[in-house]
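Asker: Below are the sequence and a predicted model; questions follow.
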Amino acid sequence: MNRFPLTESFQQLITDPGAAFQANKGASIKLADLYVFPDMQEPLEKAEVKRILSTSLLKDLARYEGGLLLSGEEKVGASSLLYMLYGHFHDQGLLPLYVRGADIRTATDRDLNSAINKAIVEQYGERMAERLDQASNSKKVLLLDDFDDGPVKGNQYRARVLLGVRKRFKYFLVTVSELLDFQASVAPTPTEVWQT
């Protein structure tokens, strides 16, 4: 069992299947009961060649070291994927943290810290904030959702935020819309690019 229990409201959020389902005898159905990991395409050196892989590979924390970028169409289910990964990592005794791109107001360290602290309190509670902050970085995983949907718009500002994330987290995954041209705009930050 993880020494950092989740708040009831956040546990409910990440397990909600998104519709009113009822299992036999009134037990509710959780997202994990219905979820099928979608496929993703790994872009290779030749733009026309893509390798199809299951997003279940993203359960492997080693893939996140130094950052991983997942791009895809709107409403393709990236948030549900992050919720499933969050639950998986938490069950493994790690300390995942889910942050919405909309919660990062500017590219300053102060705003990034504010978004991270807000997420910690929402997900683990006020009492755990200091303990979680003091935990080893090797146990922390940042899941940054809809990064390009937030108020930070300029390419150099987005790169600054990603560099700030990289300073704070050894392992992180960032989701963006397929419309974000990462290679042309934010490429100075070393990450891998995946597409769903």
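Answerer: That came through, no problem. Residues are numbered from 1 along each chain as shown.
Asker: For the most centrally placed residue in the chain, which residues are in contact?
Answerer: Nearest to the geometric centre of the chain sits Leu143, at 2.0 Å (CA atoms, centre = their mean). Taking CB atoms under 8 Å, 6 or more residues apart in numbering, we find Leu143 in contact with 82, 85-86, 96-99, 172-173. C-betas here are computed from N, CA, C, even on glycine.
Asker: Would you map the strands across this protein?
Answerer: 39-43, 50-54, 68-72, 95-100, 140-145, 171-177, 192-195 (DSSP state E).
Asker: what's the closest of those to Thr15?
Answerer: The closest of those to Thr15 is strand 95-100. By CB to CB, the value is 12.9 Å.
Asker: Residues touching that closest one, excluding its own?
Answerer: By CB under 8 Å, 6+ apart, strand 95-100 touches 4, 14, 82-83, 85-86, 89-90, 115-116, 119-120, 123, 132, 135, 139-146, 150.
Asker: Could you give the separation of the biggest helix by length in the chain from the chain centroid?
Answerer: Using DSSP state H, we find that the single longest helix of the chain is helix 109-124. Remark: helix 109-124 is offset 14 Å from the chain centroid, using CA atoms, centre = their mean, to the nearest Å.
Asker: Let's test this: mean pLDDT of it, rounded?
Answerer: For helix 109-124, mean pLDDT is 96.
Asker: what does stretch 54-65 give?
Answerer: Mean predicted confidence for stretch 54-65 is 94.
Asker: Centre of the chain to it, how far?
Answerer: Distance, centroid of stretch 54-65 to centroid of chain: 12 Å (CA atoms, centre = their mean).
Asker: Widest-spaced pair of the contacts of Leu143?
Answerer: Leu85 and Val99 (13.5 Å).
Asker: These two: which has the busier surroundings?
Answerer: Shown here are Leu85 and Val99; by other CB atoms under 10 Å, Val99 has more neighbours (26 against 23).
Asker: show me where pLDDT drops low in this structure?
Answerer: Of all residues in the chain, those with pLDDT under 70 make up the ranges 1, 19-27, 44-48, 179-196.
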